[in-house]
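Q: Return a 3D structure for these sequence lines:
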Amino acid sequence: ARWTRKIDDDRDWSVQMYYDGFKRQATGHASRLIVVNTFDLDTQYHFKMGERHDVVCGLGYRNYASTMDVTNGVIDFDPTRDAFSTISWFVQDTVALSPDRLYLTGGIKLEENNFTGFEFQPSVRLLVTPDDRTSIWGAISRAVRTPSISERDIDIFGGFVRGNQNLVAEDLMAYELGIRRQPTDKLYWDLAVFYNHYNKLIGSYPVTEFESVAANIGTGDSYGYELVVTYEVNPDWRLSTGYSFLVENVAYGPVGTAFNAGPGYNPRNQCYLHSAWNLSKTTQLDMIWRYVDSLAVGVPHYLVMDVRLAWEPRRGLEFAVVGQNLLEKHHLEFFDFSGSTEVPAGVYGMVTWRH
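A: Okay, the predicted model is just below:
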């Protein structure tokens, strides 16, 4: 449920609430019961102060309860029931230092949770528009990731790998710089570079020859860039392409390893080509080709294509057929110790009616 209200041109607020319940039960030699219930409440208030300040603030509450009763002799959870609540506050102010030319955005999110206690996440961003066709921006942010239920409570092979309820949040400092340029009315491009530094990453630390425990032992860096170029061939046909590059350098001390997905689970190179073409006033054809580099954990690279053909015989009514992950019958995208499933090619149809 979501309720929004506009008070006047300078003030508005919104309230959103959702509840999500999930239950999965399997019987037999490896019986397991997984139940997850989540309640979330979020409020936001937006207002302007004078001619230069644009402020957004809000309050949030989330309650998360889980039951992980697994009796397959391999993976167990101790305790089988766990729950936590999170209360968060945030405020953000965008200041027009020079209208239409220079903007400074500063904000902070404060959080209190049952897992790691008090957390703070500040961010500051500067946007410069030297002319009508160029924007340059930079940002520095701090973010945290609280431990998951598995990292706290899991028990694999009777203590071979154990979670740890004394874990603290993982810490990230992010530095970003970008530029967007529109040299002509039909062509524009966007380049963003980033550098991330990580502390207190959760890894698996061996306490004996046959026993490991989750601990905040990892540090690392990642850096890369993303480039997107868009060209409007004509009013009915638009082409866009993008390329992203990522390098990760993460270590978990002299003897530790990643607890879940660590280095090697993200591709170094990704690129795509997208064509959006209005064949007529009632027919659209969208095609996208995607290339994803191989993963160090043993997943080969893949090239797939998605195609969407849509027909709108009358305003508000649309028929569409979509082909996904074409060019191959199936391909592998990820791998972990619990097993992986290849993604198959597929086709589906859709009818949309807007009234």
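Q: Tell me where the stretch 101-250 of the chain has helices.
A: Listed in chain order, the helices of the stretch 101-250 of the chain (DSSP state H, counting those that start in this stretch) span residues 149-153.
Q: so what does the longest strand along the chain touch, helix or strand wise?
A: Criterion DSSP state E: the longest strand present in the chain is strand 211-234. For strand 211-234, the packing partners by 3 or more Cβ pairs under 8 Å, 6 or more residues apart in numbering; DSSP states H and E come out as strand 161-162, strand 187-208, strand 237-251. C-beta coordinates here come from the backbone N, C-alpha and C atoms, glycine included.
Q: repeat that with 6 Å
A: Applying 3 or more Cβ pairs under 6 Å, 6 or more residues apart in numbering; DSSP states H and E, one finds that strand 211-234 contacts strand 187-208, strand 237-251.
Q: So which of the ones you listed is nearest residue 229?
A: strand 187-208 (4.5 Å; Cβ to Cβ).
Q: Relative to the closest one, what are the paired strands and their orientations?
A: If you go by DSSP bridges, strand 187-208 pairs up with strand 170-181 (antiparallel), strand 211-234 (antiparallel), strand 257-258 (antiparallel).
Q: tell me, which of those strands is the model least confident about?
A: Averaging pLDDT over each of the strands paired with strand 187-208 singles out strand 257-258 as the lowest, with a mean of 81.
Q: For the most centrally placed residue in the chain, which non-adjacent residue is spatially closest?
A: The C-alpha lying nearest the average C-alpha coordinate of the chain belongs to residue 145 (Cα atoms, centre = their mean; 12.2 Å). Across the structure, with Cβ to Cβ, 6 or more residues apart in numbering as the measure, the residue nearest residue 145 apart from its sequence neighbours is residue 170 (4.4 Å).
Q: wait, what's in contact with residue 301?
A: For residue 301, the set of contacting residues under the criterion of Cβ atoms under 6 Å, 6 or more residues apart in numbering consists of 293, 294.
Q: can you do 10 Å?
A: Applying Cβ atoms under 10 Å, 6 or more residues apart in numbering to residue 301 gives the contacts 267, 269, 270, 291, 292, 293, 294, 295, 331.
Q: Switch those over to TSV; also include secondary structure and pLDDT.
A: Converted to TSV, the contacts of residue 301 look like this (DSSP: H, G, I helix; E, B strand; the rest coil; pLDDT from 0 to 100):
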residue	secondary structure	pLDDT
267	coil	93
269	strand	97
270	strand	98
291	strand	97
292	strand	96
293	coil	95
294	coil	93
295	strand	89
331	strand	92
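Q: Now which of those residues would you call buried?
A: Neighbour-count burial (16 or more other Cβ atoms under 10 Å) is assigned, among these, to 267, 270, 292, 293, 295, 331.
Q: Tell me the bridge partners for the last one.
A: The residues paired with residue 331 through beta bridges, assigned by DSSP bridges, are residue 343.
Q: And residue 3, by the same measure?
A: When bridges are assigned using DSSP bridges, the partners listed for residue 3 are residue 15.
Q: Start at 808, not 1
A: With 808 as the first residue, the last one maps to residue 810.
Q: List the residues that contact it.
A: When contacts are counted by Cβ under 10 Å, 6+ apart, residue 810 touches 820, 821, 822, 823, 824, 850.
Q: Just put those residues in a markdown table and tack on distance to residue 1004 and neighbour count.
A: As requested, the contacts of residue 810 are exported to a markdown table (distance: Cβ to Cβ, whole Å; neighbours: other Cβ atoms under 10 Å):
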| residue | distance to residue 1004 | neighbour count |
| --- | --- | --- |
| 820 | 36 | 16 |
| 821 | 34 | 15 |
| 822 | 37 | 16 |
| 823 | 33 | 14 |
| 824 | 36 | 13 |
| 850 | 33 | 15 |
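Q: which intervals of this protein have sub-threshold pLDDT?
A: Residues of the chain that meet the criterion pLDDT under 70 lie in 835-838, 878-880, 1068-1070, 1143-1146.
Q: Off-centre distance for the strand or helix carrying residue 828?
A: Here residue 828, judged by DSSP states H and E, is contained in strand 818-833. Mean C-alpha position of strand 818-833 versus that of the full chain (Cα atoms, centre = their mean, to the nearest Å) differs by 18 Å.
Q: swap in stretch 1021-1033?
A: Distance of stretch 1021-1033 from its chain centroid, counting by Cα atoms, centre = their mean, is 16 Å.
Q: With stretch 936-952 instead?
A: That offset, for stretch 936-952, works out to 19 Å (Cα atoms, centre = their mean).
Q: So which bits of it are buried?
A: Judged by neighbour count using 16+ other Cβ under 10 Å, the buried positions of stretch 936-952 are 936, 942, 944, 946, 948, 950, 951.
Q: Repeat that for stretch 1137-1152.
A: Of the residues in stretch 1137-1152, those buried by neighbour count under the rule 16+ other Cβ under 10 Å are 1138, 1150.
Q: Pull the distance from that stretch to the chain's centre.
A: Counting by Cα atoms, centre = their mean, stretch 1137-1152 is centred 20 Å from the centre of its parent chain.
Q: likewise stretch 874-891?
A: When C-alpha coordinates are averaged (Cα atoms, centre = their mean), stretch 874-891 and its chain have centres 27 Å apart.
Q: follow-up on the earlier one: make TSV from the helices and strands packed on strand 1018-1041 and add distance to residue 1133 to it.
A: Conversion of those to TSV gives the following (distance: least, Cβ to Cβ, whole Å):
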stretch	distance to residue 1133
strand 994-1015	28
strand 1044-1058	19
